[in-house]
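Asker: kindly generate the corresponding structure for this input.
(2 chains)
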Amino acid sequence: MPVHNAEIASVFREIADLLDLEQANPFRIRAYRNAARTVEELATDLAELIAAGKELPRLPGIGADLAGKIREIATTGHCATLDQLRKAEPPGLVEFLTLPGLGPKRAKAIYDELGVHTLNQLHRAAKDHRLRQVAGLGEATERRIIEAIEARAGKPVRHKLSVAAKIADSLVALLRGAPGVRTVEVAGSYRRSKETVGDLDILVGADKVNEVMDRFTRYDEVAEVMARGPTRATVMLRSGMQVDLRLVPDEVFGAALVYFTGSKAHNIAIRRRAQERGLKISEYGVFRGTRRIAGSTEEQVYRAIGLPWIAPELREDQGEIAAAEAGALPVLVKLADLAGDLHCHSRATDGHNTIREMAEAARAIGLSYIAMTEHSRHLTVAHGLDPRRLLRQIDEIDRLNENLSGITILKGIEVDILEDGRLDLPDDVLGRLDLVVGAVHSAFNLSRERQTKRVLLAMDHPHFTILAHPSGRLIPERQPFDLDMAAVVRHAKARGCFLELNAHPDRLDLLDTHCRMAKEAGVLVAISSDAHRTFDFANLRFGVGQARRGWLERDDVLNTRPLARLRTLLKRTM
DNA sequence: GCCGTTTTCGGCCCGACTGTTTTCAGTCG
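Answerer: Here you go, the predicted model:
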């Protein structure tokens, strides 16, 4: 079985967890965790490079030793270091580290003193009040551990971005309306537009502190107030989302916003940079000695370490600091840059509105064109179109375009890419359309070779224009299928095709790393809503967020082009 | 384990909170 980057990363993560238990050098542990992240977010498949006899690229945080381990894992499927560590540590103990209040020291102490090394045993020991025999553990920890283990089977720990957005939007509105409130910002992974969000961190600048706290903790959706102090409160909402609110003085608001926006890796990187300059960054500002030299705005904080402001979506320590230093930060695409939408459905298949309603809704949010891209016949559950029904829709769109002003409807299809790479409709029909969006909706479990070949063959088709939701993932239930994205990007470039970034919050697909690959290869990305009802166009904001995480600028996005320019680009020349 | 115009050793981000203590270790973000 081929070993991919994700598997290499998971080996490194497990080594880090086990070293954690051994209480090894914390910097050595961090080196493994950093390497895991680097490998995981890499666009090129390392095992493939090695198999092709190529040199590993020089990667930050990966020196001779870890490069050797990557080679070992890629060629043998094993890692001797990991095998040894697994033998040395009791099985199951690493799981303890995922529980609140348990780190390596306490986990080890529990094992040493009680012989407990599985979650089940731990649960029983806590129930029997045996945990409090261990030094440093008391009643409260015991209770928290029981709760955490019992909740484990329940809800996912991370929430979809769209769910977080709904909550964030209403909380921001609530807090902005409170008397004495000057500033409200949602920080954390939400602000960085991550596809899932663990909890919400809200920063507030305000005078009437108590009134703000009251308003927050009495919010309708609050199920439990978990903590409430003078400057900080934590609540659990009915939806299972945890929300932290922090009141922050104006003079350090920017520093706090940087700090709580993260990512952790970005924060570490900028603090290191500060240190090199004899400075110190914390959530309370940038300091030279004990004197604060910056803090009220994010711009100030970055300027203090010699950098321009960096957009939150880029803050992953994935090259943004070097780019900022070189004055080469991308000017990221904005929602307002989108001129149209190239993927939506109507009642003709599995949508809920008429074509006219969809067009008018798109016009209302400022778009000047949309493409109707119904499913094709192979997707029977969606009542996909056969040639006859598609031809009828083409006529209907012609009639609508004569009657509508301010919006143009393009004729398209979301045609199934069959298992052998053929398209689900005949050439002569596809040739009558403005664009052909191809999608994989079946046979997700093909081998990497077959899946890749299937998609490349589909792109060879003369009418193929855009590859829809390329990875096929569904958040959180379906992992991306095994596809050689580097090959797909190269092929798209060679054939003059485009890749879709599906903005539906369950998909957000292209992945951010693949956006960067496409950009580097000069393949344009279509940010598409995949709308099935009029209000789905609102999802475009999530697609734009994802595109920004992928460093995309206005010119990297196909549907920022005005209609005339778009029509030229849609004509395949290769 | 990585890294380097303070280099091949000696550093490696920072502060707060929690629960358990009686001055703080361990955990967390």
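Asker: now for the closest residue to DNA strand B within chain A: which residues touch it?
Answerer: Nearest residue of chain A to DNA strand B (CB to the nearest atom of the strand) works out as A:G138 at 1.8 Å. In short, each C-beta sits where N, CA and C put it, glycine included. Taking CB atoms under 8 Å, 6 or more residues apart in numbering, we find A:G138 in contact with A:R132.
Asker: how about the nearest residue to the spatially most distant residue from the centre of chain A, chain neighbours excluded?
Answerer: Most distant from the centre of chain A: A:Q133, at 42.3 Å, with distances by CA atoms, centre = their mean. Sequence neighbours aside, A:E113 is the residue nearest to A:Q133 in space, at 6.8 Å (criterion: CB to CB, 6 or more residues apart in numbering).
Asker: please apply the same query to A:A227.
Answerer: A:T234 (4.4 Å).
Asker: contacts for the strand or helix carrying that neighbour, please.
Answerer: For A:T234, the element it lies in under DSSP states H and E is strand A:232-237. Residues outside strand A:232-237 that contact it (CB under 8 Å, 6+ apart) are A:167, A:213, A:216-217, A:219, A:221-228, A:242-247.
Asker: keep only those of these that are in strands.
Answerer: The strands in this structure, assigned by DSSP state E, contain A:222-228, A:242-247 from these.
Asker: which of the residues you listed are buried?
Answerer: With burial judged by 16 or more other CB atoms under 10 Å, the buried subset of the ones in strands among the contacts of strand A:232-237 is A:222, A:242-247.
Asker: show me the domain layout of chain A.
Answerer: A:5-152, A:159-247, A:252-325, A:335-570 (automatic domain parsing).
Asker: show me where the stretch 451-574 of chain A has its strands.
Answerer: Along the stretch 451-574 of chain A, the segments classed as strands by DSSP state E, counting those that start in this stretch run A:466-467, A:498-502, A:525-528.
Asker: tell me the gap between the second one and the middle of its chain.
Answerer: Its chain's C-alpha centre lies 15 Å from the corresponding centre of strand A:498-502 when counted by CA atoms, centre = their mean, to the nearest Å.
Asker: same check, this time on stretch A:301-311
Answerer: For stretch A:301-311 - counting by CA atoms, centre = their mean - the centre lies 24 Å from the chain centre.
Asker: quickly check: it near DNA strand B or not.
Answerer: No. Contact between stretch A:301-311 and DNA strand B is absent, the nearest approach being 11.6 Å (criterion: CB under 7 Å from any atom of the strand).
Asker: for the residue lying closest to A:E221 once chain neighbours are set aside, the count of nearby residues, please.
Answerer: Of all residues not flanking A:E221 in the chain, A:L237 sits nearest, at 4.6 Å (CB to CB, 6+ apart). When neighbours are defined as other CB atoms under 10 Å, A:L237 has 18 of them.
Asker: where does A:L237 land on pLDDT?
Answerer: With respect to pLDDT, A:L237 has a value of 83.
Asker: how close does it sit to A:M226?
Answerer: Going from A:L237 to A:M226 by CB to CB, to the nearest Å gives 11 Å.
Asker: now do A:C515
Answerer: A:C515 is 37 Å from A:M226, by CB to CB.
Asker: same question, A:H78
Answerer: 43 Å.
Asker: same question for A:L175.
Answerer: 18 Å.
Asker: about what we covered before: looking at the domains of chain A, which has the lowest confidence?
Answerer: Minimum mean pLDDT among the domains of chain A: domain A:5-152, a mean of 84.
Asker: get me the contact residues on the stretch 51-200 of chain A for DNA strand B.
Answerer: Counting by CB under 7 Å from any atom of the strand, the residues of the stretch 51-200 of chain A near DNA strand B are A:60-67, A:81, A:97, A:99-107, A:132, A:135-142, A:144.
Asker: buried residues in stretch A:512-524?
Answerer: A:512-519, A:523-524.
Asker: which stretch of helix or strand covers the residue nearest to A:E150 when sequence neighbours are not counted?
Answerer: Take A:E150 and drop its neighbours on the chain: the residue closest to it by CB to CB, 6+ apart is A:H123, 7.7 Å away. Element membership of A:H123 [criterion: DSSP H and E] is helix A:119-127.
Asker: got the contact list for that helix?
Answerer: A:92, A:95-96, A:99, A:110, A:114, A:116, A:131, A:142-143, A:145-146, A:149-150, A:152.
Asker: which of these sit farthest apart?
Answerer: Pairwise distances across those peak at 21.6 Å for A:G92 and A:R143 (criterion: CB to CB).
Asker: what sits against A:R399?
Answerer: With CB under 8 Å, 6+ apart, A:R399 has no contacts at all.
Asker: so where does it fall, helix or strand?
Answerer: A:R399 belongs to helix A:387-403, assigned by DSSP H and E.
Asker: how far does the helix or strand just after that helix sit from the chain's center?
Answerer: Past helix A:387-403, further along toward the C-terminus, the next helix or strand under DSSP H and E is strand A:408-416. Offset of strand A:408-416 from its chain centre (CA atoms, centre = their mean): 27 Å.
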